[in-house]
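**Q** Below are the sequence and a predicted model for it; my questions follow.
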Amino acid sequence: MIFFKTKLQGFPGSVTPDYVPFQVWDSLQGLSTYIRTMLSTQALLSAIGVGEKSATVIGATFQWFLRDLTGMLGGVLFTFYQGSNLDSNAKMWRLVADLMNDLGMLMDLLSPLFPSAFAFVVCLGSLSRSFTGVASGATRAALTQHFALQNNAADISAKEGSQETMATMIGMALGMLLARITMGNPFAIWFSFLFLTMFHMYANYRAVRCLSLNSLNFQRSSILLQQFMETDQGLYHGACFANVDYFMDLKG
């Protein structure tokens, strides 16, 4: 609490009550992501041929380029088809983004096991992460607007960037340590990766559950209308809106 108070101008009145619990769980899930990134990147570089005399620079460069190109195209297509739905379904797409990120890391970790299908596996992983980049960035913007109570979205965004940088540095340090400890031990690598992945999804679920959004989308409107029909109470008399925060918390 002291950290957020000293970093954010006007805390706690300048943000919604769900800001701090969300940031705590979001930082924890980010930390687990950066630790796993070291494991998946190590496997990917090994599959490309780093450290092997038979590997060529042009071959590794082409494979990396193909991987990045696939991710860029995937991000453009995802934005074209789903970009307009990200604001109204921020909770759902945030979970989807992190799930796709986990899938992308899994593909990188699997890449050394399928040398004949290496390009296909890494391109599939890059495609998954491209969805993550678009959905995560867009939902982050929507949530920042939700947290801001005093026209301070820029301040919140800047502080979140600093928090993410700290989580990245700590995660990279722990990830390098874990990569060194588990080097040459496939069982330890996979156990660590799967354990951190399960924790990552749990932390994301807890972070999303902390959110209490105050806008209506299709799902939240359906819940309110269903309550209206079941209780036979008028919306304009305030009966249904008495528990609007509870209903909004049920759906993304």
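**A** Alright, I've got the coordinates. Residues are numbered from 1 along each chain as shown.

**Q** Where do the helices of the stretch 101-250 of the chain begin and end?
**A** 118-147, 153-182, 186-210, 218-231, 244-250 (DSSP state H, counting those that start in this stretch).

**Q** Which residue, other than its chain neighbours, is closest to the residue nearest to the spatial centre of the chain?
**A** Centroid-nearest residue in the chain: Asp98, 3.8 Å away (criterion: C-alpha atoms, centre = their mean). Spatial nearest neighbour of Asp98, excluding adjacent residues (C-beta to C-beta, 6 or more residues apart in numbering): Asn204 at 4.7 Å. Any C-beta I mention is one placed from the backbone N, CA and C, and that applies to glycine too.

**Q** if we can go back for a sec, so who does the residue nearest to the centre of the chain touch?
**A** Asp98 makes contacts with 29, 33, 132, 136, 200-201, 204, as judged by C-beta atoms under 8 Å, 6 or more residues apart in numbering.

**Q** Got phi/psi on Leu211?
**A** phi -70, psi 140 (degrees, to the nearest 10).

**Q** Phi, psi for the residue nearest to it when sequence neighbours are not counted please.
**A** Computed as C-beta to C-beta, 6+ apart, the closest residue to Leu211 that is not its neighbour in sequence is Asp18, at 5.4 Å. Taking degrees, to the nearest 10, you get phi -90, psi 0 for the backbone angles of Asp18.

**Q** and the protein, what are its domains?
**A** Following the TED database, one gets these domains for the chain: 18-213, 216-251.

**Q** CSV please, covering these and showing distance to Pro12 and mean pLDDT.
**A** Listed next are these as CSV, based on distance: least, C-beta to C-beta, whole Å; pLDDT from 0 to 100:
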stretch, distance to Pro12, mean pLDDT
domain 18-213, 8, 81
domain 216-251, 17, 56
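
**Q** Please work out which of the ones you listed is packed deepest.
**A** Comparing these by mean neighbour count (mean count of other C-beta atoms under 10 Å), domain 18-213 comes out on top with a mean of 17.

**Q** That concludes my questions; thank you for your assistance.
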